[in-house]
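**Student:** what follows is a predicted protein model with its sequence.
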Amino acid sequence: MKLAIFDLDETLIAGDSASLWLSFLVRRQLAPADILEREHALMNDYYRGRMDMDAYMTLTLAPIRNWQQRDLAPLVDEFIQQDILPLVYPAARDRLAWHTAQGHERLIISATGEHLVKPIARALGVDHAIGIQLECCDGVYNGRTHGVYSYQQGKLIRLQEWLEQQTRRPSHSYGYSDSLNDLPLLEFVDQAAVINGEERLGRLADERGWERLDWHL
């Protein structure tokens, strides 16, 4: 197996899917408008590499607490069609298609909830996806998470868990990300690529001989 691993936000799409989802919910009057300001403050910490993931997930999952999975799914699909697919980088689609043509397995792994990551992956034709795991009781979201967050070093932990479930190891792996938060993942793969990397990550890419890609809409 050869495996291509993609971050989602600001890597495959020109935006952050969780932030866009909250904006969608506010437009639909399913979340209070002030949630956007509070989420923005937490995202500033994410870009500095010091996100309080517990606080972030508590905030961003509050609007779907007590929602049935079957009721939320059509809303997520509408959101993907309206707000996500128009933001997919054409070069990202090309790279996904290239890996398919080479017979590679493709995996999206993101520090966003799996209620968004998995259907976005399906919409992009990607069979495998890892996101932050959400607790459900009798098919109802309770606003909590479980397991290791797929964030920073946690992405690597969740990846290793996934590989154990696959009962096979990749003979060669590719990794794509825009974020310094994904440094553990980029260091793990055999062939790393930095997408629109900011200055610090760009310097690291140059030092380590990683591919640097500029993707635009």
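**Tutor:** The structure has been received and is ready for your questions.
**Student:** now the element after the helix or strand of the chain with the lowest mean pLDDT, going C-ward?
**Tutor:** None of the helices or strands of the chain scores lower by mean pLDDT, DSSP states H and E than helix 35-47, at a mean of 87. Note on helix 35-47: by DSSP states H and E, the next helix or strand toward the C-terminus is helix 53-61.
**Student:** for that following helix, what is the distance to the chain centroid?
**Tutor:** 15 Å (C-alpha atoms, centre = their mean, to the nearest Å).
**Student:** packing partners of that helix?
**Tutor:** helix 17-27, helix 35-47, strand 105-113, strand 140-146 (3 or more C-beta pairs under 8 Å, 6 or more residues apart in numbering; DSSP states H and E). Backbone N, C-alpha and C define where each C-beta goes, glycine included.
**Student:** and the last one, average pLDDT?
**Tutor:** The one in question is strand 140-146. Average pLDDT, strand 140-146: 96.
**Student:** give me whichever of the helices and strands packed on helix 53-61 is most buried.
**Tutor:** Stretch with highest mean neighbour count among those: strand 105-113 (a mean of 24; mean count of other C-beta atoms under 10 Å).
**Student:** hmm, back to that, quick check: which of the helices and strands packed on helix 53-61 is nearest to residue 1?
**Tutor:** Proximity to residue 1 (C-beta to C-beta) singles out strand 105-113 among the helices and strands packed on helix 53-61, at 5.6 Å.
**Student:** rewinding a little: what's in contact with the least confident helix or strand of the chain?
**Tutor:** Contacts to helix 35-47, defined as C-beta atoms under 8 Å, 6 or more residues apart in numbering, come from residues 16, 18-19, 22-23, 26, 51-52, 55-56, 59-60, 62-63, 181.
**Student:** and the two most separated of the residues you listed?
**Tutor:** 26 and 181 (25.6 Å).
**Student:** tell me the secondary structure at the residue nearest to residue 210 when sequence neighbours are not counted.
**Tutor:** Of all residues not flanking residue 210 in the chain, residue 192 sits nearest, at 4.3 Å (C-beta to C-beta, 6 or more residues apart in numbering). On the three-state scheme (DSSP: H, G, I helix; E, B strand; the rest coil), residue 192 is labelled strand.
**Student:** quick check, residue 182 in contact with residue 7.
**Tutor:** Yes - contact status for residue 182 versus residue 7: in contact at 5.6 Å, counting by C-beta atoms under 8 Å.
**Student:** what's near enough to touch the residue nearest to residue 210?
**Tutor:** Per C-beta under 8 Å, 6+ apart, neighbours of residue 192: 174-176, 186, 205, 208, 210-211.
**Student:** highest neighbour count among those?
**Tutor:** Neighbour tally across these (other C-beta atoms under 10 Å): the maximum, 28 neighbours, falls on residue 176.
**Student:** low-confidence ranges in the protein?
**Tutor:** 49 (pLDDT under 70).
**Student:** in the sheet, who's paired with the residue nearest to residue 210?
**Tutor:** Beta-bridge pairing for residue 192 (DSSP bridges): residue 175.
**Student:** before we move on, back to that, and which of the contacts of helix 35-47 is nearest residue 96?
**Tutor:** Residue 96 has its nearest neighbour among these in residue 16, at 19.3 Å by C-beta to C-beta.
**Student:** count of residues packed around that closest one?
**Tutor:** 19.
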